[in-house]
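**Student:** Generate coordinates for the sequence data below:
(chains A and B, ligands or ions: 2)
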Amino acid sequence: MLSIKNLHATVEGEEILRGINLEIGAGEVHAIMGPNGSGKSTLGHVLTGREGYQVTAGEVTFMGQDLLALAPEERALAGLLLAFQYPVEIPGVSNMEFLKTAVDGMRKYRNLEALDSVSFMKLAREVCKRVDLDQNFLKRGVNEGFSGGEKKRNELMQMMLLEPHLAILDETDSGLDIDALQVVATGINSMRDGKRSFVLITHYQRLLNFIEPDHVHVLGGGVSSVPVTSHWHWNWKIKATAGWKVRPCNE
Amino acid sequence: MSDFIAEALQRLPTETPGWLSEQRRMGRSSWKSSTMPTRKTEDWKYTRLRVLEEGAYLGWAERQDPSSPALTALRDQVKILGLDARMLVFVNGFYNPELSSLKAMDGMEVVHFSEADETQVGTIRTHLGTAADRDKYMFTALNDSWLDDGIFVHVTQDSKVTTPLHIVWLTVPQREAFSLSQRLLVVMEAGSEATVVEHFASDGDQQNSFTNGVSELVLGANTRLCHYRLHLEEEHALHIGGVHAWLDRDASLNSFHLGLGSTLKRLDVVVRHEGNGAHCDLNGIYLPRHGQHIDYHTCIEHARPYCTTKEVFRGIISDNARAVFNGRIHIHPDAQKTVAELSNKNLLTSNKAEVDTKPELEIYADDVKCTHGATVAQLDDYALYYLCSRGIAREHAQVMLSIGFINELINNLQHPSLGEYLKPVLGGLFAQQVKQTERAE
Ligand SMILES: Nc1ncnc2c1ncn2[C@@H]1O[C@H](COP(=O)(O)OP(=O)(O)OP(=O)(O)O)[C@@H](O)[C@H]1O
Ligand SMILES: [Mg+2]
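**Tutor:** Residues are numbered from 1 along each chain as shown, chains lettered A, B, ... in the order given. Ligands and ions are numbered 1, 2, ... in the order given. You can find the predicted model right below:
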């Protein structure tokens, strides 16, 4: 599904990613952990093609395509979705319009029949229910004034509507109360179909109690982003919880 | 005396109707004593009148073939579905009954000045020129000096007129460039309610008209007027216009303005709170692009206590266009307990676009609440990226963000059908724009 080889990337001239290697197979769930500032979000943004995130070396293949050669919207259409750690507020653009535009584009790309407004509305309502958001959130501006937890659920809703092949969920579990965490975890699990792959970026193993990853990676310590191996202190916790394979990203 | 002032004086209107001759005379004398604004004229600092000074626009408007199919098609384009309005259509200044759908309405009289009966003439003479100050607004003086007709809308006491009046001013090009006067007087008697849409449009050809428009809205005590002024003309149509509202006790004006840019477009919007407790919601959107220019000068005069104003203008300036926004709020010594808010936000979608925005507060009363703010920003890259990361093409995302910037105002229109009419118009505009910039790059 996704193959990252020796990925180096700089942001504002500073090298943040220094040689990431990662192989994700279809249907797999990978967790990426690591301290603040270690480059987890940067990796997500590099993969989705954010402007200003410069790849200086390495290659990334996504479903047989050279991912780095694609524009952000092409990557999305190809089936990659990043649930943002900090979703953007866009007042004036209704969530409904945003979701419909995205779904319309995706369906067109996948040669699926376009949904009329009524069927889309129905679908959007169902998805709202699945992430336990009131329907009113469809009418509001995109993430406008949403609480932290509501924003995360809105991200999840987008994943459900766009049905990506690979979803990178950047701290979608952060800042959630226990009920919301359960909603999010159930939502993610409901999307697992043996083919779809997930990358869960998280600081907390509590999410991993609900969604058992196939692999856990730890992205390096400190600002220097030197990848660390299994002696980093997160690891014992992970090890202690289950018999997951723990390996650093650049193994 | 500059050429344009002298040349405009040479252009003499017909002497009908006779009862307007005093108005014309005063207009002439006021125009005669004015001087063409220069860069040093504060009110015209950023708006040059060069294109007028060249003197090309002094031809006369000609009556167009009223049954032309092109005009009928154009009328269908400007018709606002769902508004269910009575339409009054003018083409190059001439009333076109074939294209109009004016029927008698309970509580609202609509009549041309030239056809007004004696009582109506009396009412017109009482109010005409009371809201628009020709000595302060020189193009009002010019409008007065050329005045030979106009529309009089009279809403009788306590009438709640629910059917909107949709006045459409269409222009089509003529062989020679020409000037055109537009005049509207709305008089709302105490306790009445009405909706008036002023809609300026043209066919798609390159226009060569200069419209000088003056609208006066006289709101009696306890009245409510919902007013729209839409400028959707082709980009060579010149317009200098004024909307002058006069509000009596507890009157409420809701006024929405939309302006696409043009070679020269200048609007003065003046609201005078002249009775206690009057309220005004004044909202506007301006969208100049290419090399267009648009200038909104708003002025709210709080002359009496307990009046409120809520004013929001937003502009999107693209390409190498230029916008000017001047928002003046003047609170007179008597106007205690005034609450006035003014917000002006601008979005520049190109680094050659320019905006000059200036809030101007003058406060002479001590017990008032007054806020203002002006911002200038660019399309948010992070928001663009967020949309793109959901598979939305960058151009489409740009359109969404641009429309998002003004959507709040469109969505809050009192008549949702008007919003529905405007959305595709604006969507098309931005989409076209994006295509052009992409091609240019
Ligand atoms: N636009 C930017 N300009 C400068 N530095 C940046 C920029 N974006 C990220 N960085 C830096 O890159 C490093 C990695 O940031 P990143 O957001 O990827 O960390 P993270 O692992 O996601 O942290 P957290 O756990 O706090 O979310 C940080 O030191 C951050 O300051
Ligand atoms: Mg992060």
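**Student:** Which residue is most remote from the mean position of chain B?
**Tutor:** The outermost residue of chain B relative to its centre, with distances by Cα atoms, centre = their mean, is B:S389 at 39.7 Å.
**Student:** distance of A:G105 from A:P213?
**Tutor:** As judged by Cβ to Cβ, to the nearest Å, A:G105 and A:P213 stand 30 Å apart. Using the backbone N, CA and C atoms, a C-beta is placed for each residue, glycine as well.
**Student:** Spatially central residue in the chain, please.
**Tutor:** The chain I'm using is chain A. Short answer for chain A (Cα atoms, centre = their mean): A:I168, at 2.1 Å.
**Student:** That was the other one, I meant chain B.
**Tutor:** B:R229 (4.6 Å).
**Student:** Not counting sequence-adjacent ones, nearest residue to that one?
**Tutor:** In space, and not counting its chain neighbours, B:R229 is closest to B:E198: 4.6 Å by Cβ to Cβ, 6 or more residues apart in numbering or on different chains.
**Student:** With B:Q414 instead?
**Tutor:** B:C226 is the one closest to B:Q414 (Cβ to Cβ, 6+ apart), at 5.1 Å.
**Student:** My understanding was that the one you found contacts B:A194; is that so?
**Tutor:** Yes - with contact defined as Cβ atoms under 8 Å, B:C226 reaches B:A194; the gap is 7.4 Å.
**Student:** Need the residues touching each of these two.
**Tutor:** Residues within reach of B:C226 and of B:A194 at once, by Cβ atoms under 8 Å, 6 or more residues apart in numbering or on different chains, are B:P164.
**Student:** Those two: who's more crowded?
**Tutor:** Neighbours were counted for B:C226 and for B:A194 using other Cβ atoms under 10 Å in any protein chain shown; B:A194 has more, 25 against 20.
**Student:** I'd assumed B:M108 was in contact with the more buried one.
**Tutor:** Yes - B:A194 lies in contact with B:M108 (Cβ under 8 Å); the separation is 6.2 Å.
**Student:** which neighbours do the two share?
**Tutor:** Here B:A194 and B:M108 have B:153, B:155, B:159, B:161, B:165 as joint contacts, going by Cβ under 8 Å, 6+ apart.
**Student:** burial of the residue nearest to B:R229, as a residue count?
**Tutor:** B:E198, neighbours per other Cβ under 10 Å, totals 23.
**Student:** How about the contacts made by it?
**Tutor:** B:167, B:169, B:184, B:215, B:227-230, B:243.
**Student:** Mind pulling up the pLDDT for whichever residue of the stretch 301-441 of chain B sits closest to chain A?
**Tutor:** Proximity of the stretch 301-441 of chain B to chain A (Cβ to the nearest Cβ) peaks at B:G404, 3.1 Å away. Listed pLDDT for B:G404 reads 91.
**Student:** Confirm that it lies within a helix, as I assumed.
**Tutor:** Yes - counting by DSSP: H, G, I helix; E, B strand; the rest coil, B:G404 is located in a helix.
**Student:** give me the number of residues near it?
**Tutor:** B:G404, neighbours per other Cβ under 10 Å, totals 23.
**Student:** Can you give me the distance of it to B:A383?
**Tutor:** Taking Cβ to Cβ, one finds B:G404 at 9 Å from B:A383.
**Student:** okay, and the common contacts of these two?
**Tutor:** Joint contacts of B:G404 and B:A383 (Cβ under 8 Å, 6+ apart) are A:I90.
**Student:** next one: phi and psi at B:Q378?
**Tutor:** phi -120, psi 170 (degrees, to the nearest 10).
**Student:** okay but it is in contact with B:V355, surely?
**Tutor:** No - contact criterion Cβ under 8 Å: B:Q378 and B:V355 do not qualify, at 11.4 Å.
**Student:** which SS class is the residue nearest to B:R229?
**Tutor:** Classified using three-state DSSP, B:E198 is strand.
**Student:** how about B:R394, what does it touch?
**Tutor:** A:71-73, B:384, B:388.
**Student:** Over to A:V199?
**Tutor:** Taking Cβ under 8 Å, 6+ apart as the test, what A:V199 contacts is A:24, A:29-32, A:44, A:166-169.
**Student:** which one among these gets closest to ligand 1?
**Tutor:** A:G44 (7.7 Å; Cβ to the nearest ligand atom).
**Student:** Correct me if wrong, but the closest one is in a helix.
**Tutor:** Yes - counting by three-state DSSP, A:G44 is found in a helix.
**Student:** how close does it sit to B:W169?
**Tutor:** From A:G44 to B:W169 the distance is 54 Å (Cβ to Cβ).
**Student:** that older thread, just the buried residues out of the contacts of B:E198, in PyMOL syntax.
**Tutor:** Buried residues among the contacts of B:E198 (16 or more other Cβ atoms under 10 Å in any protein chain shown), as a PyMOL selection:
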select buried, chain B and resi 167+169+184+215+227+228+229+230+243
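**Student:** Can you list phi and psi of the closest residue to B:N143 other than its chain neighbours for me?
**Tutor:** Using Cβ to Cβ, 6+ apart and skipping the chain neighbours, the partner closest in space to B:N143 is B:V214 (4.4 Å). Main-chain torsions, B:V214, degrees, to the nearest 10: phi -130, psi 120.
**Student:** Now do B:V214 against B:D133, distance only.
**Tutor:** Taking Cβ to Cβ, one finds B:V214 at 11 Å from B:D133.
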